[in-house]
Every structure is written in C-alpha cells, then in structure tokens.
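The sequence isn't on hand, but the structure is:
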C-alpha cells in the first residue's frame, strides 16, 4: 500500500495524487524524512516505513461487541461497557478498524495533532475498504455522514481530519457524503472526562438548517454511516445518530478508525 499504488476509481484523481506523492517524497527527502512510529526506522512522507505500512492492513477484531464494536476478550456477544452503561441506543451497528493502543495510538496523534496530513489518503483507503465490506455484509449501500468538527477548528488549524477523509472518499471513489450535522460546542472533547462527555455532548450536535440541507440532499438517505476518527464513550456517535433518526434516516451505523478499549 505505497502512496503510488493507492487505487482510486477516478483515473484523473489518481494521476494528480501520484504526482503529489512524488513531490512530497522529494520534499521529505530534502527535509530528512520521517521516523517510523512502529520500528523507528527512517521513512519518507509518512511516519511508517515501507516494511511496517502493510501492518495497517491488519484491521478489525476476531470477536467484537455487537453493540459498540469493541474487541471482546472473555465476554460473549456484548462487552462490559454496553452491559453496564450502554451509550449507543440509536445506532444500528458500530464498527472500528483498530484498537487505540501502542503505535497506532501514536499514529492517530501524528495525523490529528501534529498535522501529518500525508496520512489522510492511507486512512481513507482503509476506511473505504471497510465501508465496502460492511455494505456487502448488510446487503445495501450506505451514505457517509461525517461527525462535524468543533466550531472554529478549521479556521484555527486550516483543516479537519474527518473532512479530509471524506474529501478522498468523494473524489477518489465517488462515495456519497452528506454533511447534515453541525456542532454547537466549542469545547475540545479531550478536555472532558467520561461523565462530562456523556452529559454534555448529548446537546452538542444538531441538524443543519433544513434550507441548507436541501441544497445538497434532495432526498433523505435511507441508511448512513457516521464517520469519525475515534470512539471513546460513544456519546458523540449516539448524539449524532439520534439527530439523524429524528430527521428520518431509518438506519444509522458508525465507522471509526480507532476505538478506546
């Protein structure tokens, strides 16, 4: 899964992307390259070397919770989180690629907090492959609804990781992306504890103005998947799913890159 071998359906987009990779490799070489987060060897453009990059293909869990998607070790069917205090009441199914641990945790931090945006297309490929697998399993197509960033984030930092992920999904594979939601709170979730997340986030998301929605969404999608980077308590996904169900979406699933055990 080298940058120049990422497969997009749209040939024009693939050409532009390959050209971009060549330029980025050259610039990275001039600047001394990156350091692999898994083995510490030198790498170009992204913080994973060519030997460790294939490890990203090893996603998913052998056994996972039927409610939230967390990996099951000794439990059967439902994890302890969902038995004791289930957060996902409005979600029809939750899926994640990786556990939030070890070098993969560092990889998310590099992408999200250190602005290693060269990782975006790699995560997009893996997200798309998992999305296709979910659609095959369910037997119907899913539109993607991104979890919106906090107000002012894009203005402050110049980008949002989930919005960029959706850009690749749209331009690279023609995935339908509906930006139906907006976030009201300005507070960063990482600054909240578990109780504060569950209590406060329930009112932090809402549907956009219906007039705005009608400009790009003529018909309410029957089934969607919420896209986000990491699932922690599940309160964000639940708040968004509840809004979408109230809007008339019949089936709401979630797909995150990482999940906190």
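Happy to help now that I have it. Everything numeric here is computed off the predicted structure, so don't read it as measured data.

Helices of the stretch 51-200 of the chain, residue ranges please.
Using DSSP state H, counting those that start in this stretch, the helices of the stretch 51-200 of the chain run over residues 80-84, 102-112, 120-138, 153-157, 161-173, 194-201.

winner for burial among these?
helix 161-173 (a mean of 20; mean count of other Cβ atoms under 10 Å). Glycine gets a C-beta too; all of them are placed from N, C-alpha and C.

Run through who's touching that one.
Contact with helix 161-173 is made by 8-10, 13-14, 17, 111-112, 117, 120-121, 123-125, 127-128, 131, 144, 146-147, 149, 154, 175, 177, 179, 227-229, as judged by Cβ atoms under 8 Å, 6 or more residues apart in numbering.

what sits against the residue nearest to residue 154 when sequence neighbours are not counted?
Distances taken as Cβ to Cβ, 6 or more residues apart in numbering place residue 160 nearest to residue 154, at 5.3 Å, with adjacent residues excluded. Listed by Cβ under 8 Å, 6+ apart, the contact partners of residue 160 are 149, 153-154.

would you list the residues you listed in CSV and tack on pLDDT?
Shown next, in CSV, are these (pLDDT from 0 to 100):
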residue, pLDDT
149, 92
153, 88
154, 88
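
Relative to residue 24, which of these is nearest.
residue 154 (21.9 Å; Cβ to Cβ).

Now do residue 198, the pLDDT please.
Looking at residue 198, its pLDDT is 49.

next one: the one 3 residues further on
Looking at residue 201, its pLDDT reads 60.

and what of residue 150?
We have a pLDDT of 87 for residue 150.

So what does it have for phi and psi?
Torsion angles at residue 150 (phi, psi; degrees, to the nearest 10) stand at phi -60, psi 150.

Could you do residue 224 as well?
Main-chain torsions, residue 224, degrees, to the nearest 10: phi -140, psi 160.

Please tell me I have it right and it contacts residue 178.
Yes - assessed by Cβ atoms under 8 Å, residue 224 is found in contact with residue 178 at 7.0 Å.

Mutual contacts of those two, please.
143-145.

looking at the chain, which helix or strand does the model trust least?
In the chain, the helix or strand scored least confidently by mean pLDDT, DSSP states H and E is helix 194-201, which has a mean of 52.

Show the residue spans covered by the strands in the stretch 151-261 of the chain.
Along the stretch 151-261 of the chain, counting by DSSP state E, counting those that start in this stretch, strands occupy 181-183, 205-207, 223-231, 251-259.
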